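Visitor: one predicted model, sequence on top.
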Amino acid sequence: MEDSHVVEQKNFIKGEMIHTIFENKEEHFSIAKIKILETNQKFDETEVVVKGYFRRLDPGETYEFYGRVVDHQRFGRQFQVESYQRFLPESKEGVIAYLSSDLFPGIGKKTAERIVDTLGESALSQILNDKAVLSNVPSLAKEKQEKVYQILQENQGFEHIVVELSRYGFGLKMAQKMYTAFKEETLDTLKTNPYAFVFEVEGFGFVRADQMARENNISLDHPTRLQAAAIYTLTNSMQDGHVFLPIEQLMYEMDQLLDGETHQIDVDKMTAQIVELNTEKRIIVSEKKVYLPSLYYSETGFCAQIERIADKKIEKVFSDAELLKIVGSIEEEEVLSYGKEQYEALETALSEKMFILTGGPGTGKTTVIKGILNAYAEIHDLSLDRDDYKEDEEYPFVLTAPTGRAAKRMKESTGIDSVTIHRLLGWDGKETFDKDENNKLEGKLLIIDEFSMVDIWLAYQLFRAVPDDMQVIIVGDEDQLPSVGPGQVLADLLKSNVIASVSLKEVYRQKEGSKIIQLAHEIKNNAVNANGLTKASDFNFLSCPDYQVVDIVKQVVKKAYDKGVDLKQIQVLAPMYRSQAGINRLNEELQKVINPPEQGRREMRFGDTVFRKGDKVIQLVNQPEDDVFNGDIGEVVAIFEKDENLEQEEQVVVSFDDREVAYAKPDLMNLMHAYCTSIHKSQGSEFQIVILPIISGYNRMLRKNLIYTAITRAKQSLVICGDKSAFLRGIRAEDTNKRYTSLVPYLQELFGTEDESLSESDEEDVDVEQVLTADERLLAVEIKQESFSPYDFMD
Ligand SMILES: Nc1ncnc2c1ncn2[C@@H]1O[C@H](COP(=O)(O)OP(=O)(O)OP(=O)(O)O)[C@@H](O)[C@H]1O
């Protein structure tokens, strides 16, 4: 749809709207029943269900729908609407009746007649196209002209624009977004400045804007085109985790985008627009780095917060002997003896204002967190039991983690309440948090687990809300995948060396004979031996050719399930969605063996997915209003028909641990099956049994940190199925996708620990032209042209 230019609108239904069946107000998605008045399609019935993205459909009104007929397995024949418009009367009488109706107060029959006499039967579309035509109507006052246009616009504007947009090949959904951003200016803007959509409309690509620009003869070196290329390139780079792009890389990528192989755009012109954007603060150029403002302020802001918090030192209120005594009694209670590194971690955590605890699986991070809490409570003569505090009394311990599951695990292991970072900060579901520098968190000791998953934006939001006197403990495993969002905050903090840290190396769980932990550490140290992948009590590598992998995975899952293992504790993890052993296919196949159709078992189809009672499902977006977050796993516990609930809508009810959430049908797009989930989504979770399919077709997705993350999710059993050589290649493939971040030099500069080689002058409002000489800029583009493009590495 997006790529075809002119869409011929052959299939249509003219029909009267009867009633809405479903409606998702936010997405403007509706399904409605229509009485057919006229159509060039074949329908057996006189009524039909239409579905699509509508701004507004009023019962009793007549519309023309354009789109295609779809035959639905269960719901029969439906009409998928690609564009639509309210039916505009075209006969003289029709238009007069319409204009003199109640819809247009102040326009009587006489005026309506004058309008039609002057403009003819196509009066309405003429007015919509250009309201100036109304000035030709004799004795029609300016305000009335304006009113007629406005009402027509309100009632027809969107539909009219949608029809026009569909001629350019824009689907209804994109048209909605474009209209929301530019309202009645949509068409004009599209012609005069299509690049504006790149800035304002999510998902509107640069190439698309270019196509529109070409048709409207906008020059290739038009300033807005060059600016759009810069912003678009920077926005895209976030997907690769970059916080900024070096100016040479930005210019190289802009050059690729702007004129592919021809290289006609003058480098100076590009530079001039980068300077302009910088002046307008729509991008920030600092040294030779170019940022989107939100990321620049997050990165510099985060550093400033770290400096602020670290600056207020704490007094050491215990002697070495006292600590030894306190730790000794904890060891007695916990029946263990802390290792040397663990003791060092405890001591540093208790004496430093900020502290980072890192280590691989089974090294005792959780054990040390518990030790810190107990020792802190003992030293400060505090109770860990919340019930010992009065309602208005501050509870000193604040535990948090980036995902719901990680927070839950923390709560289970410490016995102290732990919530997601979003929840802790009082997220409103959009861009703002209740907690910030003006309304800081309460408490004395903050412990953040799974910090490797925290991106620079969230890190800044969290730290700006930390009060001066709060002690901060950051916990994470730096060998895991970095955050999905931009930055690599944990790795950078460790590298900058400005915060005290202890890295736990000794593995304790291994002492219980865990092959999983052993393998994780071998992967980390590049010491895996192909002959060592032999069966153990908690590990098995089932070698098989690619085409058998799905079957074997099915058998393993079924076997565990039949043995009575909780389905939530059996997790298949895969690196990609679409492939012969991708997440989508595996979910489809696993549902067949774990939760097949059964007489009396309710189900509901949504797109290609059938949700059935008993299905294991995963939430795909944050939905704070229902307290469910991206990555939460639940079970379908009920499916309701329309007449079975107060909301009068079909619903799928999912139970997430301690709460149930009802999904109306359109909201099912936020849910998918979770028999198999992505490795990325499994970060921060642990499962008794992890099954990891490996096919050679996963090829470039397989990386050391990805596999490491997957296998360290397994608590009791790890079964890898598939191609051993692909596995071995994968664990040897370092993640070479370098992320551009400047946390390390910024922090080192702030703390005065900078490495000479890293320090450069940091003027905020630096002029790009002064940063890079003309020759350097040309050279940058030339050098980059000869080397790779980051797009070569993208799927
Ligand atoms: N000093 C110790 N002496 C004996 N056992 C220990 C010691 N430290 C940790 N353990 C045990 O090792 C196992 C792993 O410890 P823990 O869960 O704290 O590690 P972790 O780093 O949090 O691991 P993961 O990240 O895999 O959860 C636990 O069973 C714990 O009781």
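Guide: Sure thing, it's come through.

Visitor: from now on I want contacts and neighbour counts done on CA atoms only, so please keep to that.
Guide: Will do.

Visitor: for the residue lying closest to residue 635 once chain neighbours are set aside, which residues are in contact?
Guide: Nearest residue to residue 635, sequence neighbours excluded (CA to CA, 6 or more residues apart in numbering): residue 616, at 4.7 Å. Residues near residue 616 by CA atoms under 8 Å, 6 or more residues apart in numbering: 567, 568, 633, 634, 635, 636, 673, 674, 675.

Visitor: mind listing residues that contact the top strand by length along the chain?
Guide: Counting residues, the longest strand found in the chain (DSSP state E) is strand 12-24. With CA under 8 Å, 6+ apart as the test, strand 12-24 has contacts from 29-41, 57-68, 87, 649, 665-667.

Visitor: drop anything exposed from the residues you listed.
Guide: Among the contacts of strand 12-24, those scoring as buried are 29-36, 57, 62-68, 87, 649, 665-666 (criterion: 16 or more other CA atoms under 10 Å).

Visitor: the residues you listed in strands, which ones?
Guide: Per DSSP E, strands hold the following members of the buried ones among the contacts of strand 12-24: 29-36, 62-68.

Visitor: low-confidence stretches in this protein?
Guide: Scanning the chain for pLDDT under 70 picks out the ranges 1-10, 26-27, 73-74, 260-263, 428-431, 509-513, 646-647, 736, 754-795.

Visitor: up against the ligand, what does it have?
Guide: 336-339, 361-367, 508-509 (CA under 6 Å from any ligand atom).

Visitor: which among the residues you listed count as buried?
Guide: 338, 361, 362, 363, 364, 365, 366, 367, 509.

Visitor: please identify the helix or strand for residue 82.
Guide: strand 76-86 (DSSP states H and E).

Visitor: and what of residue 304?
Guide: Per DSSP H and E, residue 304 falls inside helix 293-311.

Visitor: can you list contacts of that helix?
Guide: The contact list for helix 293-311, computed with CA under 8 Å, 6+ apart, reads 243-244, 281-284, 353-354, 456-457, 459-461, 463-464, 466-470, 742-743, 746-747, 750-751.

Visitor: how about the strands of the stretch 651-795 of the chain, start to end?
Guide: With strands called from DSSP state E, counting those that start in this stretch, the stretch 651-795 of the chain shows them at 651-656, 659-664, 671-673, 676-678, 687-694, 714-722.

Visitor: can I get the ones you listed in TSV with mean neighbour count?
Guide: What follows is the strands of the stretch 651-795 of the chain, written out as TSV (neighbours: other CA atoms under 10 Å):
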stretch	mean neighbour count
strand 651-656	21
strand 659-664	17
strand 671-673	22
strand 676-678	24
strand 687-694	24
strand 714-722	23
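
Visitor: quick one, which of the ones you listed gets closest to residue 259.
Guide: Closest to residue 259 of the strands of the stretch 651-795 of the chain is strand 676-678 (CA to CA; 36.5 Å).

Visitor: contact partners of the closest one?
Guide: Outside strand 676-678, the residues within contact range by CA under 8 Å, 6+ apart are 571, 572, 573, 574, 575, 576, 577, 583, 586, 587.

Visitor: now tabulate the strands of the stretch 651-795 of the chain in a markdown table and tack on distance to residue 538.
Guide: Below are the strands of the stretch 651-795 of the chain laid out as a markdown table (distance: least, CA to CA, whole Å):
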| stretch | distance to residue 538 |
| --- | --- |
| strand 651-656 | 28 |
| strand 659-664 | 33 |
| strand 671-673 | 26 |
| strand 676-678 | 20 |
| strand 687-694 | 9 |
| strand 714-722 | 4 |
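
Visitor: wait, which of these is closest to residue 599?
Guide: Using CA to CA, the strands of the stretch 651-795 of the chain put strand 651-656 closest to residue 599, at 18.1 Å.

Visitor: angle of the closest one against strand 659-664?
Guide: With axes from the mean of the first three to the mean of the last three CA atoms, to 10 degrees as the basis, strand 651-656 and strand 659-664 are set at 160 degrees to each other.

Visitor: what comes up buried for the helix ranked longest in the chain?
Guide: Criterion DSSP state H: the longest helix present in the chain is helix 142-167. Residues 144-150, 152-153, 156-163, 165-167 are the ones in helix 142-167 that count as buried (16+ other CA under 10 Å).

Visitor: which among the strands of the stretch 651-795 of the chain is found nearest to residue 442?
Guide: Proximity of these to residue 442 was assessed by CA to CA; the nearest stretch is strand 659-664, lying at 26.5 Å.

Visitor: mind giving me the packing neighbours of the closest one?
Guide: For strand 659-664, the packing partners by 3 or more CA pairs under 8 Å, 6 or more residues apart in numbering; DSSP states H and E come out as strand 651-656.

Visitor: CA atoms of the strand it packs on as CSV?
Guide: These are the backbone C-alpha positions of strand 651-656, laid out as CSV (Å, rounded to 0.1, in the frame of the first residue of the first chain):
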residue,chain,number,x,y,z
GLN,A,651,-13.5,-9.9,26.0
VAL,A,652,-10.5,-12.0,26.7
VAL,A,653,-9.6,-12.0,30.3
VAL,A,654,-5.9,-12.7,31.3
SER,A,655,-4.6,-13.4,34.7
PHE,A,656,-1.2,-12.0,35.5
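
Visitor: which strands or helices does it pack on?
Guide: Here strand 651-656 touches strand 633-640, strand 659-664, going by 3+ CA pairs under 8 Å, 6+ apart.

Visitor: next one: it to chain centre, how far?
Guide: Averaging C-alpha positions (CA atoms, centre = their mean, to the nearest Å) puts strand 651-656 22 Å from its chain's average.

Visitor: what kind of secondary structure is whatever residue of the stretch 151-300 of the chain ends up closest to the ligand in?
Guide: At 24.1 Å from the ligand, residue 241 is the closest residue in the stretch 151-300 of the chain, using CA to the nearest ligand atom. Assigned by DSSP: H, G, I helix; E, B strand; the rest coil, the conformation of residue 241 is coil.
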